[in-house]
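S.K.: I would like to see how this sequence folds:
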Amino acid sequence: MKISRSEVEHIADLARLELSEGEIKQLETDLSQILEYVEQLNELDTTDVLPTAHVVVKGDVLREDESRPSLPSEDILSNAPRTQDGFFRVHAIFRKGGR
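M.R.: Presented below is the predicted three-dimensional model:
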């Protein structure tokens, strides 16, 4: 399937891409080749192939949500370079008035 220049320009417009003349010509070729390959895949007989969402079947990999005691705050804060009132003290990220 051949893709036209206008289709490439439309796709680029949807993706908000500004393409040079060379890029448009290259994409015409590349996208046409991709669509030709997909057409070849559509010719394959897949009647005995079951549809799959994943190649590897996995079970539930999540653990149960169980409440557990956490580390004491003092232990956690003991490695912090700066603390204040039981919290980490960090440099300000936002400041009033911009900079």
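S.K.: Closest to the centroid, which residue in the chain?
M.R.: Ala15 (16.2 Å; Cα atoms, centre = their mean).
S.K.: The chain: helices as residue ranges?
M.R.: Taking DSSP state H, the helices of the chain run over residues 5-14, 21-42, 73-77.
S.K.: tell me the contacts of the nearest residue to Glu39 once chain neighbours are set aside?
M.R.: Excluding the flanking residues, the one nearest Glu39 by Cβ to Cβ, 6 or more residues apart in numbering is Met1, at 6.1 Å. (C-beta placed from N, C-alpha, C; glycine too.) Applying Cβ atoms under 8 Å, 6 or more residues apart in numbering to Met1 gives the contacts Ser32, Leu35, Glu36, Glu39.
S.K.: Can you tell me which of these has the most neighbours?
M.R.: Of all these, the highest neighbour tally under other Cβ atoms under 10 Å goes to Ser32, namely 16 neighbours.
S.K.: and the residue of the chain positioned farthest from its centre, backbone torsions?
M.R.: For the chain, the largest distance from the centre (Cα atoms, centre = their mean) belongs to Asp85, which lies 39.0 Å off. With angles defined as degrees, to the nearest 10, Asp85 sits at phi 50, psi 40.
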